[in-house]
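[1] would you be able to build a 3D model of this:
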Amino acid sequence: MDGLSAELSSMEYTINELAKRASGLGDQLMTEKNEILATELYQVEKALLTAVRRIAKLHQQL
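    Sure, this is the predicted structure:
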């Protein structure tokens with residue numbers, strides 16, 4: 001299970017980093033008054049954070 005645990009941790013980290021990038025880009029677009037694209041990126045961030053939570057839940061079940 002150590003390999004699986006390491007893989008899940010890596011996935012959590014990577015997806016969390018993608019969520020941060022989506023949020024940062026959304027913030028940038030919001031300041032540029034591009035609210036439609038910013039809102040879409042915030043939805044992407046939300047979906048990614050949901051994925052992180054689900055992976056974390058799996059990780060805890062090991």
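[2] pLDDT wise, what is Thr14 at?
    According to the prediction, Thr14 has pLDDT 98.
[3] quick one: buried residues of the top helix by length along the chain?
    Using DSSP state H, we find that the single longest helix of the chain is helix 2-31. The neighbour-count check on helix 2-31 (16 or more other CB atoms under 10 Å) flags 8, 11-12, 15-16, 18-19, 22-23, 25-26, 29 as buried. For every residue, glycine as well, the C-beta is placed using N, CA and C.
[4] kindly report the same for stretch 37-53.
    Judged by neighbour count (16+ other CB under 10 Å), stretch 37-53 contains these buried residues: 38, 41-42, 44-45, 48-49, 51-52.
[5] could you pull up the mean pLDDT of it?
    98.
[6] quick one: pLDDT of Asp2?
    Predicted confidence (pLDDT) for Asp2: 89.
[7] so which of the buried residues of stretch 37-53 are in helices?
    Per DSSP H, those map to helices at 38, 41-42, 44-45, 48-49, 51-52.
[8] now tabulate the residues you listed in a markdown table and tack on distance to Met1.
    Shown next, in a markdown table, are these (distance: CB to CB, whole Å):
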| residue | distance to Met1 |
| --- | --- |
| Ala38 | 40 |
| Leu41 | 35 |
| Tyr42 | 35 |
| Val44 | 31 |
| Glu45 | 30 |
| Leu48 | 25 |
| Leu49 | 25 |
| Ala51 | 21 |
| Val52 | 20 |
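[9] relative to Leu62, which of these is nearest.
    Val52 (16.2 Å; CB to CB).
[10] pretty sure the closest one sits against Glu12.
    Yes: assessed by CB atoms under 8 Å, Val52 is found in contact with Glu12 at 5.5 Å.
[11] burial of Ile55, as a residue count?
    By the criterion of other CB atoms under 10 Å, Ile55 has 19 neighbours.
[12] could I get the contacting residues of it?
    Ile55 is in contact with 8, 11-12, 15, counting by CB atoms under 8 Å, 6 or more residues apart in numbering.
[13] what is the longest helix of the chain packed up against?
    Secondary-structure packing of helix 2-31 (3 or more CB pairs under 8 Å, 6 or more residues apart in numbering; DSSP states H and E): helix 35-60.
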